[in-house]
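K.L.:
Sequence first, predicted coordinates after that:
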Amino acid sequence: MASGLKVRESETPKKSGLSLGARIFALSLTLLIILMGVASFSLYRLSNVRDGIDRLNDYWFPLTKVVSQTDEAILVQRLSFERLIKLYAFKPIPTDQIAQEKQTWSQIGSQIDSLITLANQISPAVAHESDQDNLESLLVVIGKMATRQQTMQNQAQQVITMLSEGQKDEAHQLMDAVEKDEEIFEKTVEMRQQIFETAFGNAARSAAQHETQVLRVNAIVTLGAVIFGLLFAILTAAKLTAPIRQLMEKMRDVEKGNLEVHLQPTSRDEIGLLTTSFNDMVDKLKQKSIIEQTFGKYVDARIVERLMEHTEEPQTGGKNQVMTVLFQDVMGFKDFTQHLSPEAWLAMTNQYLTHMSKPVTDHGGIIDKFIDTMVMAFWGMPFTPEEDHAHMACGCALAQMALMQEVHQWVSQVGDDNPTPIALQVGLTTGPLVVGNMGSEQAKSYTVMGDTVNIASRLKGANKAYGTQVLMTEETQQMASEHMATREIDLIQVVGKDEPVRIYELLGRITDTNAETTQLKNLFHEGLMAYREQTWNKAQENFEQCLHLCPTDAPSKVYLDRITTFQKTPPQNNWDGVWQLTKK
């Protein structure tokens, strides 16, 4: 593992790179600067538009207003002059009206002079370069208008004086001159109007140009920002998705169980860190797999898996639950192997334990330990469903029974010429146990403890007394009764236990039981009931019938021997049918 890490460090890119966050920040900052530049330019151009509007509002509009008021005053003065002319035509001459109209005419003349003076004061304030030409032309026109107005006013004053003195002919001649001057004045007004139109047009065009430039620049910058953003998004997406796709492919390989995968980090951003983390994860999975494979040869893989799932320090202790325990051994195995060398004996023993262990794992059991040729195993939660552990343990025992002929064949090849037949001995018990981590703080073992374990060990040895292969307690028989065919063998008191234990022999699966086995089971049960009632002749008859059906039925022979003894020496009056075993 260490070498693998060293290789990875050499494969890590040495050049530094910006993180994804830094790249996105840089892009955002760039776009922000561009937007600020566009905003500044827009503000500048809009300020020009504002300046043009301000010039119109502050100078040209007031000037236009003054000029309009001047035109209006000139028109009013002209009407007043015409009324004076008409008044002199009346007979008698209305002197009061003429005096009043003269006063009006004179006041309007003073107002016209004031307006012209105001127009001359406003004009110099128009200081923008684009208005200089129009301003100069306007000043010339206003000057001409002022001169022409003064001339016309003087001539009109002369006409009024002549009329008041009775010089009508001279007055009419002078009026013709005044009318010509009015025509010239009208042309001057038209020139002034053209200047105003030009000035307003220039201001409007200038504002429109500035506005167009703002819109054009905004459109160009917006389009550029969109293109730049799209290009960056495409490049970033490609840079992101390519390693992510590779990572997903490798993750699918890991899901399929392939741990020989490795990704070369191509950057030091978040994707590079993710790739490195993935490699670290695969290395840890490899390490976990190696641990599971290694310790799975010493401890059941499901126990290793539970330990790997709980990474905290395992605590000593356990919990109470109902489980099924199996003790299995083979009698006579040592007779075959006692002459072998230690190496050959070890090889033979390992071969035997391999055969006997396979049914345990095939039927969901947990191998607890090996003691010489003995196998201890257990079934229960969380490794086996709560309602299944008893019949699964029985299924294991049946599979071990089926292997015995094969075991006998290859064991006999290395044994004596007339070896003692080997015999399977299996003890099954179901009951409350403490399951968990047992041992010291320095060394622990995941195992089960309790009287149920001790009874299973005693039942394994009890097979020798009854000539059976598989014995079980009543609790195991009841839990497995829907699947397994059994017969009650005896009510015994095992060594180290005060309470009697009702024991049953495993006959096979119910689906595989034939009529002969069923008949044997019934006859044996009747004989057992008669035996407990001390009806010796009836019991003897039933057990003899059992031997007639199955001459090798060892339990029937055991009971016939007991009956012969009891017929000679009857048991005590308080005999309860319990048989005491004196050997483990």
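P.N.:
That came in fine, so what should we check first? Please read all numbers here as calculations on a predicted model, not as lab measurements.
K.L.:
all helices for the stretch 401-550 of the chain, in order.
P.N.:
451-466, 474-479, 515-532, 536-549 (DSSP state H, counting those that start in this stretch).
K.L.:
Paired strands for the longest strand along the chain, with orientation please.
P.N.:
Under DSSP state E, the strand in the chain containing the largest number of residues is strand 423-439. Take DSSP bridges as the rule and strand 423-439 pairs in its sheet with strand 317-331 (antiparallel), strand 444-449 (antiparallel), strand 470-473 (parallel).
K.L.:
looking at the ones you listed, which is buried most?
P.N.:
The highest mean neighbour count among these, using mean count of other Cβ atoms under 10 Å, belongs to strand 470-473: a mean of 28. For every residue, glycine as well, the C-beta is placed using N, CA and C.
K.L.:
mean confidence for it?
P.N.:
On average, the pLDDT along strand 470-473 is 96.
K.L.:
Using PDB, write down the CA coordinates of it.
P.N.:
Output in PDB follows, covering the C-alpha atoms of strand 470-473 (Å, rounded to 0.1, in the frame of the first residue of the first chain):
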ATOM      1  CA  VAL A 470     -27.200 -36.500  15.300                       C
ATOM      2  CA  LEU A 471     -28.900 -35.800  18.600                       C
ATOM      3  CA  MET A 472     -30.700 -32.600  19.500                       C
ATOM      4  CA  THR A 473     -32.600 -31.000  22.300                       C
END
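K.L.:
Which of the strands paired with strand 423-439 sits closest to Asp512?
P.N.:
strand 470-473 (14.4 Å; Cβ to Cβ).
K.L.:
what distance separates that closest one from the centre of its chain?
P.N.:
Its chain's average C-alpha position is 53 Å from that of strand 470-473, according to Cα atoms, centre = their mean, to the nearest Å.
K.L.:
where does Pro243 land in three-state SS?
P.N.:
Per DSSP: H, G, I helix; E, B strand; the rest coil, the secondary structure class of Pro243 is helix.
K.L.:
Name the nearest residue to it, sequence neighbours excluded.
P.N.:
Ile271 (5.0 Å; Cβ to Cβ, 6 or more residues apart in numbering).
K.L.:
Could you do Met472 as well?
P.N.:
Using Cβ to Cβ, 6+ apart, the closest residue to Met472 is Leu428 (3.8 Å).
K.L.:
Dump the strands paired with strand 423-439 to CSV, plus distance to Leu398.
P.N.:
Putting the strands paired with strand 423-439 into CSV (distance: least, Cβ to Cβ, whole Å) gives the following:
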stretch, distance to Leu398
strand 317-331, 12
strand 444-449, 22
strand 470-473, 8
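K.L.:
The ones you listed: lowest mean pLDDT?
P.N.:
Taking the mean pLDDT of those, strand 444-449 comes last: a mean of 79.
K.L.:
Could the C-alpha coordinates of that strand be exported in PDB?
P.N.:
In PDB, the C-alpha atoms belonging to strand 444-449 read as follows (Å, rounded to 0.1, in the frame of the first residue of the first chain):
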ATOM      1  CA  LYS A 444     -11.100 -10.900  21.800                       C
ATOM      2  CA  SER A 445     -13.200 -13.500  20.000                       C
ATOM      3  CA  TYR A 446     -16.600 -13.200  18.500                       C
ATOM      4  CA  THR A 447     -18.300 -16.200  20.000                       C
ATOM      5  CA  VAL A 448     -21.300 -17.600  22.000                       C
ATOM      6  CA  MET A 449     -21.500 -18.600  25.600                       C
END
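K.L.:
what about stretch 368-384, how long is it end to end?
P.N.:
The stretch stretch 368-384 measures 15 Å between its terminal residues, going by Cα to Cα, to the nearest Å.
K.L.:
how far is it from where the chain is centred?
P.N.:
Mean-position distance between stretch 368-384 and its chain equals 42 Å (Cα atoms, centre = their mean).
K.L.:
next one: stretch 333-347
P.N.:
Chain-centre distance of stretch 333-347: 60 Å, with Cα atoms, centre = their mean.
K.L.:
Quick check: end-to-end length of it?
P.N.:
13 Å.
K.L.:
which regions of the stretch 251-400 of the chain lie under the pLDDT threshold?
P.N.:
267-270, 289-317 (pLDDT under 70).
K.L.:
Now do the helices in it.
P.N.:
Using DSSP H, counting those that start in this stretch, helices in the stretch 251-400 of the chain cover 270-295, 301-309, 333-337, 342-362, 389-412.
K.L.:
Reformat those as TSV; add distance to Pro551 and mean neighbour count.
P.N.:
Formatted as TSV, the helices of the stretch 251-400 of the chain follow (distance: least, Cβ to Cβ, whole Å; neighbours: other Cβ atoms under 10 Å):
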stretch	distance to Pro551	mean neighbour count
helix 270-295	49	15
helix 301-309	44	15
helix 333-337	25	18
helix 342-362	28	15
helix 389-412	19	19
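K.L.:
hmm, back to that, pretty sure the residue nearest to Pro243 is touching Thr241, no?
P.N.:
No. Using Cβ atoms under 8 Å as the test, Ile271 is too far from Thr241 to be in contact (9.8 Å).
K.L.:
Can I get stretch 507-519 as CSV, trimmed to CA atoms?
P.N.:
The C-alpha trace of stretch 507-519 is given here as CSV (Å, rounded to 0.1, in the frame of the first residue of the first chain):
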residue,chain,number,x,y,z
LEU,A,507,-33.9,-38.9,10.9
GLY,A,508,-33.9,-36.6,7.8
ARG,A,509,-36.0,-34.1,6.0
ILE,A,510,-39.8,-34.7,6.2
THR,A,511,-39.9,-34.6,2.4
ASP,A,512,-37.3,-37.4,2.2
THR,A,513,-38.8,-39.7,4.9
ASN,A,514,-40.2,-43.0,3.6
ALA,A,515,-42.9,-45.2,5.1
GLU,A,516,-40.4,-47.6,6.7
THR,A,517,-38.8,-44.8,8.6
THR,A,518,-42.2,-43.5,9.7
GLN,A,519,-43.1,-47.0,10.9
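K.L.:
Buried residues, it. List them.
P.N.:
Within stretch 507-519, the residues that qualify as buried by neighbour count (16 or more other Cβ atoms under 10 Å) are 507-508, 517.
K.L.:
Same question for stretch 457-464.
P.N.:
For stretch 457-464, the neighbour count (16+ other Cβ under 10 Å) marks 457-463 as buried.
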